[in-house]
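**Q** What shape does this take:
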Amino acid sequence: MTTTAPLYLPHAYRLYEPGFAQDPHAYYTHMRAHFGDVAPIEISPGVFGHLVIGYRLALQLLRDTQTWSKDPTVWVSHLPKDSPVLGMLGPRPNPLFADGERHARYRRVITDSFGRIQPHHLRDLVREIAALLIGRFAGAGIADLIAQYARPIPSYVMNRLFGQPDHAAPRLVTALAGLIEGGENAAAANAEFEAYMRRLLALKTGERGHDLTSWIMDHSAGLSPEEVLHHVVLTVGAGQEPTTNLIANALAIMLSDDRYYAGVTNGALAPIHAVHRVLRDEPPMANYAAHYPRHNVRINNLSIPAHSLVMVSFAAANADPQGPGAPLSGEGSHLAWSAGPHACPVKDPAILIAVTAIEEITSRLPDLELDGRREDLQRRIGPFHTAYRHIPATFTPLTALPTTGDRAWPGNPFRTSSTPPDAISPQKPPACAPSAPPCA
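**A** Alright, predicted model coming up:
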């Protein structure tokens, strides 16, 4: 395998600066005007690459496995061992960083394991956790919808799915937030994340259960312990921050656009419409899908050396004037779930979690309002995501949560008896809500 010197781009767009986080589409517009479909970027100080921002070029790249590889081994060999981007882009033995038959083998583990989760069990699990979390702040009349709701929900859900007790869930929040932001704390966050995963695997090695961890460990693909670790790392990482941002970004839209929120509260417009708008306009993972050319390539007027970093901007591609121009409810024409052999294999569970979480909070707190203007909300800095720091909201304080449906089914295998509801909330409100719409 040949190697390539680190790519130096003196006029790259810095995706780690506050200006990019606050108004990324201004950057994409400037990139398009000056470079066309692909532009030079810097994702961390001294770490350069290219960003594909054209819809058709992105689709072509994502489907072309002959020209492009997902293996970053050569590229990362030129990075410092403590580079903050290694947590997100460093090689791991899981489907995100593999090609060909190796990728197909890894991907089967993920799809088969998630395929064993019944949608109604997952929906009931989200309802139960949402009710417990809402119960913690329902009496205050004010909440940060990210810190107190959108971020905890995926961590508690993933803990349950992987067979962990609720009290272990908060460890994920800080670690994953630091990992995805790619800042100076990213290396420590990555180490904590992997340490958490190793503790989980040690527990499940001695005691199998009806959970994702056990199913991955016992899959017919025969993963090694290291491969099992990194499949769990991928699943938890992909399930936490992107789902947090999907819930939060959709709530921000709904609370600032009367067409959405009034429609949800009166039953005329389902939350899934807001979710699809987020996927098209503010995808939770805005810039990712790292690829590496197998040989030197030339796109437009840019020469891209072999094995150098090329990422896809799902956000910019979706906004490309030459793209498909998806309508409000048109899911299929955006790239938020990527495309080609590496398209997200579990988008349906992600949508189900987000839609159910939004249904729960809008039905239980029907006068929920944004405390301020959406355009004044601060974004989290980072090259990969579209995320708010905080979403302050107000509502009429409640002394007891309203019930909106039947209790969660007692047969749900992901309900834990070892950790009582008190681990999340002492109020123990009933887990109930109307049925979520089918996943797209």
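
**Q** for Arg116, what are its contacts?
**A** Trp215 (Cβ atoms under 8 Å, 6 or more residues apart in numbering). To be clear about C-beta, it is placed using only N, CA and C from the backbone, and glycine gets the same treatment.

**Q** which residues of this protein score low on pLDDT?
**A** 1-10, 173-174, 177-184, 261-269, 325-332, 400-440 (pLDDT under 70).

**Q** ok now the longest helix along the chain, how far from the chain's centre?
**A** Ranked by residue count under DSSP state H, the longest helix found in the chain is helix 225-256. Computed by Cα atoms, centre = their mean, to the nearest Å, the chain-centroid distance of helix 225-256 equals 3 Å.

**Q** ditto for stretch 133-151
**A** Taking Cα atoms, centre = their mean, one finds the center of stretch 133-151 at 21 Å from the center of the full chain.

**Q** And for stretch 356-366?
**A** What separates the centre of stretch 356-366 from the centre of its chain is 21 Å, taken as Cα atoms, centre = their mean.

**Q** Just want the angle from the host helix or strand of Leu132 to helix 225-256.
**A** Applying DSSP states H and E as the criterion places Leu132 in helix 119-137. On the basis of axes from the mean of the first three to the mean of the last three Cα atoms, to 10 degrees, helix 119-137 is oriented at 60 degrees to helix 225-256.

**Q** coming back round to it: name the residues of the longest helix of the chain that are buried.
**A** 227-256 (16 or more other Cβ atoms under 10 Å).

**Q** same check, this time on stretch 299-306
**A** Buried residues in stretch 299-306, counted by 16+ other Cβ under 10 Å: 299, 304-306.

**Q** Dump these to JSON lines, plus distance to Val275.
**A** Formatted as JSON lines, the buried residues of stretch 299-306 follow (distance: Cβ to Cβ, whole Å):
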{"residue": "Ile299", "distance to Val275": "32"}
{"residue": "Ile304", "distance to Val275": "34"}
{"residue": "Pro305", "distance to Val275": "39"}
{"residue": "Ala306", "distance to Val275": "39"}
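
**Q** Look up how far His30 lies from the most centrally placed residue in the chain.
**A** Ranked by distance to the mean C-alpha position of the chain (Cα atoms, centre = their mean), the top residue is Pro242 at 1.5 Å. Distance, Pro242 to His30, using Cβ to Cβ, to the nearest Å: 26 Å.

**Q** What's the local residue count around Gly222?
**A** 9 (other Cβ atoms under 10 Å).

**Q** In a strand, it, correct?
**A** No: assigned with DSSP: H, G, I helix; E, B strand; the rest coil, Gly222 falls outside any strand and is coil.

**Q** and Gly49, what helix or strand is that in?
**A** Assigned by DSSP H and E, Gly49 belongs to strand 47-52.

**Q** If you count neighbours, what's buried in that strand?
**A** Here strand 47-52 shows 47-52 as buried, counting by 16+ other Cβ under 10 Å.
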